[in-house]
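# quick one, what's the 3D model for this:
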Amino acid sequence: MPNDINTAPAGEKALHAIEQLVLFALHQELIQPADVDYSRNELLDQFGFSEPYALEFSETPLESPQGPLDILIDYGFEIGLIPENTDTYRDLLDAKIMGLLMARPSEVNAQFYSLSAEKGIEAATDRFYKLSIDSNYIRMDRISKNVFWLQESPYGDIEMTINLSKPEKNPKEIAMARLLPPPVYPKCLLCRENVGYAGRLNHPPRQNLRVIPLKLNNENWFLQYSPYVYYNEHCIVFHHDHVPMKLTKESLKRLLSFVEAFPHYFIGSNADLPIVGGSILTHDHFQGGRHTFPIQKAPKEQTFTHASYPGVSLSIVKWPMSVLRLHGADPAVLLECGNDLYEAWKSYSDPEAEVLAFSEVDGVETPHNTVTPIVRRAEDGGFELDLVLRNNRTSGEFPEGIFHPHREMHHIKKENIGLIEVMGLAILPGRLKEELDAIAGVLAGDLPLLAAVKSEADHALAQHASWIQELAERFGTGHNHEEAVKIVQNEVGIKFTHILEHAGVYKRTAEGQAAFRRFVQSFGAL
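Residues are numbered from 1 along each chain as shown. You can find the predicted model right below:
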């Protein structure tokens, strides 16, 4: 590499970046040796060049494509390939570039199943996960900026994250997106038609997305990784067709089928009702991966058996939410037990515990009870099915949901508690990074900020005002910054633990746990 490449003209830098990217793609096996000239020519054409980099090029391949990608995207903005130099438009070009440096979907699928047959399913998922990172579909440069800490709680360590990996649109882009017609293709972010899609202002690019076809219960499904990987090998398993989520016996059968084929992964589903459900209820899907969540480590408090399901144990788990853990060696028997328990819960009411299965308005019954199911292989090789009991009722006191984060917690989190958070991994909004840093500043002596928060109703930290005052009174304002950050994080973690308790149908009180046992016993478990 010439010593003066950093001061070279923009066009020469771009040509050099193309060589770096082609070398990276070859080294990471995104392309094969026979693809090198073809891939280089595709990139040259994309950026309006007729000849490649003219100087001698011999470099150690890069660990990440991001450096040369940024150079090419800067150049793309200069020559008009993108109209504005914003994250959204940069991402559109980023995915297009990397899509030119990848195998076609059919080749990726063939490699996955060939590797699975030769070396096992773990080797196949290892390679596919690495492909998703190397192709920049999973943006590790952004994910590495996420804030993470472990929070001690009465239920074991809770995993806390502030998510900074999902890019935010600027106000101008939001306004422009509103002027676009409603999206009709792809119908949603989970549709198979996203593979290779160029994207637009109101839909992310997917030229570097690849998915693996699966059979679950003789149905067509697909496996891909989440671009935001909230945990290790965070995958999404989605239906071939754009069909709405509905938890049924077949759903539980699919989950058990998946862990038979992928025993190193867990898999779970969001609930299928509003408030307690996930963010995408219009396309049937599950989430899985290779991660041991806090819920899995939670101890069993009381174990039952049922005469109708030999070999299956049913346990109440020590967890802020209401969890029943089923364990058995035979997935068919476990399925029958799990489904019958789910069906029993859907129609179960206990007014004393504020559990009502239905409400009726103008003669129309609305269901309220559902579950968040999670399946994994147990240490003994058997199967574990966690059924987290959910109820989406609202009331005058709790209009957003009785078993939902209550309003005093909304300054930290007001969104649905979905599958990932049910399992003990908090995904807090990115806005909290700067807000919590500022609040730590108050505990480290920023008294003018404290005064401003108290006096200005429209202050950026106004939603935290009463909490900031409470923290200042309890802990004082004389800490160094590192101490202050730890105090604030600990208090946020405590709040999130309370949020999970809010979402628990049966409270962690003597009365609540007695009501929990009433349900289990009504099912016939002893």
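
# CA atoms for contacts and neighbours, from now on please.
Noted.

# per-residue confidence for Leu179?
Reported pLDDT at Leu179 in the predicted model: 67.

# any residues touching the host helix or strand of Leu21, and which ones?
Take DSSP states H and E as the rule and Leu21 turns out to sit in helix 10-27. Under the contact criterion C-alpha atoms under 8 Å, 6 or more residues apart in numbering, helix 10-27 has outside partners 5-6, 31-33, 36, 39-40, 43-44, 52-53, 57, 61-65, 68-69, 71-72, 75, 101-102, 134.

# out of these, which end up buried?
In the contacts of helix 10-27, burial by neighbour count holds for 31, 36, 39-40, 43-44, 52-53, 61-62, 64-65, 68-69, 71-72, 75, 101-102, 134, counting by 16 or more other C-alpha atoms under 10 Å.

# let's see which of the residues you listed end up in helices.
Using DSSP state H, the members of the buried ones among the contacts of helix 10-27 that fall within helices are Val36, Ser39, Arg40, Leu43, Leu44, Pro68, Leu69, Ile71, Leu72, Tyr75, Asp134.

# for Leu387, state which of these is nearest.
Using C-alpha to C-alpha, Asp134 is the member of these that lies nearest Leu387, at 35.9 Å.

# hang on, the closest one packs against Ala95?
No: applying C-alpha atoms under 8 Å, one finds Asp134 not in contact with Ala95, separated by 11.8 Å.

# do you know how far Asp74 is from Ser132?
Per C-alpha to C-alpha, to the nearest Å, Asp74 is found 23 Å from Ser132.

# compare the two and say which is more crowded by neighbours.
For Asp74 versus Ser132, the count of surrounding residues by other C-alpha atoms under 10 Å is larger for Ser132: 21 against 17.

# separation between that one and Asp70?
19 Å.

# same deal with Leu471?
From Leu471 over to Asp70 (counting by C-alpha to C-alpha), the distance is 42 Å.

# comparing these two, which residue is more hemmed in?
It is Leu471, of Leu471 and Asp70, that has more neighbours when counted by other C-alpha under 10 Å, with 19 against 16.

# OK, contacts around the nearest residue to the more buried one once chain neighbours are set aside?
Spatial nearest neighbour of Leu471, excluding adjacent residues (C-alpha to C-alpha, 6 or more residues apart in numbering): Leu443 at 7.7 Å. Counting by C-alpha under 8 Å, 6+ apart, Leu443 makes contact with Leu471, Ala472, Phe475, Gly476, Thr477, Gly478, His479, His481, Ala484.

# relative to Ser39, how far out is Leu443?
In terms of C-alpha to C-alpha, Leu443 sits 55 Å off from Ser39.

# go on, Leu389?
Taking C-alpha to C-alpha, one finds Leu389 at 52 Å from Ser39.

# same question for Ala103.
10 Å.

# now for the longest helix along the chain, which elements pack on it?
Using DSSP H to assign secondary structure, the helix with the most residues in the chain is helix 481-503. Counting by 3 or more C-alpha pairs under 8 Å, 6 or more residues apart in numbering; DSSP states H and E, the packing neighbours recorded for helix 481-503 are strand 147-151, strand 158-162, helix 432-443.

# can you list contacts of that helix?
Here helix 481-503 makes contact (C-alpha under 8 Å, 6+ apart) with 149, 151-153, 158, 160, 320-321, 390, 402-406, 409, 412, 417, 422, 426, 436-437, 439-441, 443-444, 507-508.

# select only the buried ones of these in ChimeraX?
Restricted to buried positions by 16+ other C-alpha under 10 Å, the ChimeraX selection for those reads:
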select :151,158,160,320,321,390,402,403,404,405,406,409,412,417,422,426,436,439,440,441,443,444,507,508
